[in-house]
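Trainee: Predicted structure and sequence below. I'll ask about it afterward.
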Amino acid sequence: MGGTNFNGLALVHELVRQGHDVSVLNRGRSEAAIPESVTRLIGDRSEPDTIRAALAGTEWDVIQDVTAYHPEDVELMIELFRDRVGHYIFASSTVTYAASGLLPITEDHPDDRTDAQNEYGLHKLLCEDVLWKAHAEHGFPATSVPFSMVFGPHNMISAREQAMFRRVVDGRPIIVPGDGETLLQVGHVDDQAKALEQMMGNSATLGRRYNLTGSEFVTRNHYVATIAAAAGAVDPDVRHVPHETMDALWTGDVLVDIGETGSMLQTRSTSEGRANPRRSAGAQRFQLAQLVQHLAPNIHHWNASTVFSIDRLRTDVGWAPEHTFASMVEDTFAWWRGTDLAAQPKDWTFEDNLLGAIERS
């Protein structure tokens, strides 16, 4: 389900490399370099009857679902494929986990279903609720895989590593929250595709959740330094934001115009999840989280490290990431420099206004 963008695209290529007979189902609107052997089916999840028309009566060894964002998405899959699928793998997200001072966060860590959770995270949890109920009641062969921040070629969230590439290449100031020693963790899209392929048909994974990310965690300072080195920047202009100033910006006590955003991944959010005013504490918090990649700013405070255990996946599946953080950067930077993304204009309104606020603090 999906298969033409970022995670799904990498997965399709990995499945074909491993000799699988692959079909993708999506709206058919995205141009993508998928192998000729892949069968393309057309359906729109916002119009469930088109999914029924495309899939009714079919049977599959495995369904990899990377585009289920709402509980009704997985309810339809259960309706169509009860006793008709060998393994259903649901792409979830680590934004579902509650904040924690105990690291790394494992799959048994409490979820956050409080008012702090946003629609995306809550609906991923509701999808899991539906799947675990179906697994318990009639053995629906479901596995949930929470992805952490994904790094790599074709990333649609341009405000992450691609924005850092631009800052470094253009010689812009690089704004780092606090002292830069907060830890973050990312995984390479190709490593994650290999994990999803290796999980398929493994009965040990049924009814379980598996964190999926890289093996290394790095400080914000190391993140910036690694990208700068890959870009050949000898002395990047790094500006650390004092702790008190970051607190005031995070809470919204100090607000600046965030400019034209639109950097987040499209997830078919409902109308409640679409508002994005140019001056609000919530919108500003998400922009601050893009200065250096920071997971789920609605859950994790600006100076909270986010590190996840992948031991369960290592143990049950035998998978291990191949990429280091440095190789992720080298691979992705080389891809970025070879596309027209490097020349596309970028709205730096928020960061320019933020620099002014920092100077005045």
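Mentor: Good, I have the coordinates.

Trainee: what does the helix or strand that contains His240 contact?
Mentor: Assigned by DSSP states H and E, His240 belongs to strand 238-241. Applying CB atoms under 8 Å, 6 or more residues apart in numbering, the contact partners of strand 238-241 are 173-180, 221, 224, 249, 355, 358. To be clear about C-beta, it is placed using only N, CA and C from the backbone, and glycine gets the same treatment.

Trainee: Beyond that strand, next helix or strand please.
Mentor: Next element after strand 238-241 (DSSP H and E): helix 243-251.

Trainee: Out of the contacts of strand 238-241, name the ones that lie in helices.
Mentor: If you go by DSSP state H, these have 221, 224, 249, 355, 358 in helices.

Trainee: my guess is the second one meets Leu184, correct?
Mentor: No. The pair Val224 / Leu184 is not scored as a contact, 11.2 Å apart, by CB atoms under 8 Å.

Trainee: where do the strands sit along the stretch 151-300 of the chain?
Mentor: Counting by DSSP state E, counting those that start in this stretch, one finds strands in the stretch 151-300 of the chain at the ranges 174-177, 183-184, 186-188, 218-219, 238-241.

Trainee: mind listing what the second one pairs with, with the direction of each?
Mentor: Same thing as strand 183-184. Strand pairing for strand 183-184, using DSSP bridges, gives strand 218-219 (antiparallel).

Trainee: Pick out the residue closest to the middle of the protein.
Mentor: Central residue of the chain (CA atoms, centre = their mean): Met149, 4.4 Å from the mean position.

Trainee: next one: phi and psi at that residue?
Mentor: Backbone torsions for Met149, taken as degrees, to the nearest 10, come to phi -60, psi 130.

Trainee: confidence score at the residue nearest to it when sequence neighbours are not counted?
Mentor: Spatial nearest neighbour of Met149, excluding adjacent residues (CB to CB, 6 or more residues apart in numbering): Val186 at 4.7 Å. Listed pLDDT for Val186 reads 97.

Trainee: close enough to count as contact, Val186 and Thr213?
Mentor: Yes. Val186 is in contact with Thr213 according to CB under 8 Å; the separation is 6.8 Å.

Trainee: Show me which of the two is the more surrounded one.
Mentor: Comparing Val186 with Thr213 by other CB atoms under 10 Å, the one with more neighbours is Thr213, at 29 against 24.

Trainee: Could you pull up the residues touching the more buried one?
Mentor: Here Thr213 is in contact with 94, 147-149, 185-187, 192, 308, 310 (CB under 8 Å, 6+ apart).

Trainee: go on, Phe350?
Mentor: 256-259, 261, 287.

Trainee: which of those residues lies closest to Thr324?
Mentor: The shortest gap between Thr324 and any of those belongs to Gln287, at 28.9 Å (CB to CB).

Trainee: Could I get the pLDDT score of the closest one?
Mentor: pLDDT for Gln287: 93.

Trainee: what about it, how many neighbours?
Mentor: Residues within reach of Gln287, counting by other CB under 10 Å, total 21.

Trainee: Test my guess that it contacts Val256.
Mentor: No. Assessed by CB under 8 Å, Gln287 is found out of contact with Val256, at 9.0 Å.

Trainee: Give me the distance between the residue lying closest to Asn221 once chain neighbours are set aside and Val238.
Mentor: Ranked by CB to CB, 6+ apart and with sequence neighbours excluded, the top spatial neighbour of Asn221 is Gly180, at 3.7 Å. Distance, Gly180 to Val238, using CB to CB, to the nearest Å: 8 Å.

Trainee: list the residues that contact both of these two?
Mentor: Residues touching both Gly180 and Val238 by CB under 8 Å, 6+ apart: 221, 224.

Trainee: ok, the longest strand seen in the chain: who's next to it in the sheet?
Mentor: Using DSSP state E to define each element, the chain has its longest strand at strand 85-93. Applying DSSP bridges, strand 85-93 is found paired with strand 60-65 (parallel), strand 142-147 (parallel).

Trainee: Let me have those strands in JSON lines, adding mean neighbour count, mean pLDDT and distance to Lys124 as columns.
Mentor: Formatted as JSON lines, the strands paired with strand 85-93 follow (neighbours: other CB atoms under 10 Å; pLDDT from 0 to 100; distance: least, CB to CB, whole Å):
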{"stretch": "strand 60-65", "mean neighbour count": "19", "mean pLDDT": "98", "distance to Lys124": "12"}
{"stretch": "strand 142-147", "mean neighbour count": "24", "mean pLDDT": "98", "distance to Lys124": "8"}
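
Trainee: can you redo these as CSV with distance to Gly282?
Mentor: Shown next, in CSV, are the strands paired with strand 85-93 (distance: least, CB to CB, whole Å):
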stretch, distance to Gly282
strand 60-65, 29
strand 142-147, 23
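
Trainee: Sounds good, over and out.
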